[in-house]
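next one to model:
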Amino acid sequence: MELIRAFDVLPDRLRGGAVSIGNFDGVHRGHAALIERLVAHAHRAGGPAVVFTFDPHPVRLLRPEHAPPPLTWTDRKAELLVELGVDAMIAYPTDEALLALEARQFFDDVICRRLGAKALVEGPNFYFGHDRRGTVDLLAQWTSERGMILEVVPPLVLDGRMVSSSVVRSLIAAGQLDEARQMLTHPYRIRGMVTHGAGRGTKLGFGTANLEAIDTLLPGPGVYAGIGYVNREPWPAAINIGPNPTFGEKALKVEVHLIGWSDPLYGQPLEVDFLARLRDVRSFKNVEELKAQLAADVATAKRIAEK
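Numbering: from 1, shown residues only. The predicted model follows:
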């Protein structure tokens, strides 16, 4: 799998295949259904399966106040797409020149000339070009004129609800990780840098890595079971998102207890998968009651992570 960030010259091996254009935020099961068709068309065309996405999402430049927090960072998105069979992901550096391209210009220059696409696979709500004037209907007309294949993949519906990045985002923000996991191809993951905290967890016997500089959506407050990755090595984890009301603290924190880990992690990056929500954040009468609950949380998190 190749992650392409510069688009000046695309290698010939990545041209002449099937292309899908979109954000693919979160890489959910609806995306997986689309990628399955993309890979099938690539095989028929005898070329690569290529995803063309944008970094950052255009809305961050056009309407930053309306830009939702992303569900995945670029490299993580590429990792998830390669597991679905994609040969290359182009993370196009979004700029004013790209946003100014009219739909027909985008089709002729990007899709046809640079990508040399023989087939396109999109969802029904795909828009492209300046002011999103390019529609699936226009795309069908233009691909037909060029002798190209266009397949429009309908949205995936699970339990009566359409799978989309916005739905997944709302579930995660509400702390409903179990429901979100049913729509995602992998457990939801965040990353951050480990910083110094108050050191209270260590004194209680449950040392935590305090995460900051998290660049994706943060799940709603709660205690979660998960897996932390240190240098890509997995460790069962109990995660607390929220304040520490027992000690009168109101600031929201992200604290990760890696079960069985004892070495310091300060200044290192840490990635964390969320597997299940265990309970709400709440205040305890005293330190002993808190320690008993933490021990129960850790035992439950370990059992879930090791399944």
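
quick check, pLDDT for Glu2.
We note a pLDDT of 87 for Glu2 in this prediction.

list the contacts of the most centrally placed residue in the chain.
Residue closest to the mean C-alpha point of the chain, counted by CA atoms, centre = their mean, is Thr72 at 2.4 Å. Listed by CB atoms under 8 Å, 6 or more residues apart in numbering, the contact set of Thr72 reads 25-27, 80, 189, 216. In this view, the C-beta of every residue, glycine as well, is placed from N, C-alpha and C.

how does it look with 10 Å?
For Thr72, the contacting residues are 23-27, 78-81, 165, 184, 186, 188-190, 215-217, by CB atoms under 10 Å, 6 or more residues apart in numbering.

just Gln105 next, same as before
By CB under 10 Å, 6+ apart, Gln105 lies in contact with 129-130, 134.

ChimeraX command for the buried members of the residues you listed?
The command below creates a ChimeraX selection of those among those that count as buried (16 or more other CB atoms under 10 Å):
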select :129,134
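
so where's the stretch 151-300 of the chain uncertain?
When residues are selected by pLDDT under 70, those of the stretch 151-300 of the chain lie in 197-205, 245-248, 250.

all helices for the stretch 101-250 of the chain, in order.
103-105, 136-146, 165-173, 177-183, 200-204 (DSSP state H, counting those that start in this stretch).

from the chain's centroid, how far away is the shortest one?
So the one you mean is helix 103-105. Chain-centre distance of helix 103-105: 29 Å, with CA atoms, centre = their mean, to the nearest Å.

do the second one as well
Centroid displacement of helix 136-146 relative to its chain, using CA atoms, centre = their mean, is 30 Å.

please apply the same query to the fourth one.
Its chain's average C-alpha position is 13 Å from that of helix 177-183, according to CA atoms, centre = their mean.

dump it to CSV, restricted to CA.
C-alpha atoms of helix 177-183 as CSV (Å, rounded to 0.1, in the frame of the first residue of the first chain):
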residue,chain,number,x,y,z
LEU,A,177,-18.6,3.0,21.7
ASP,A,178,-20.3,-0.4,21.6
GLU,A,179,-22.8,1.0,19.0
ALA,A,180,-20.1,2.8,17.1
ARG,A,181,-18.0,-0.3,17.0
GLN,A,182,-20.8,-2.2,15.1
MET,A,183,-20.5,0.4,12.3
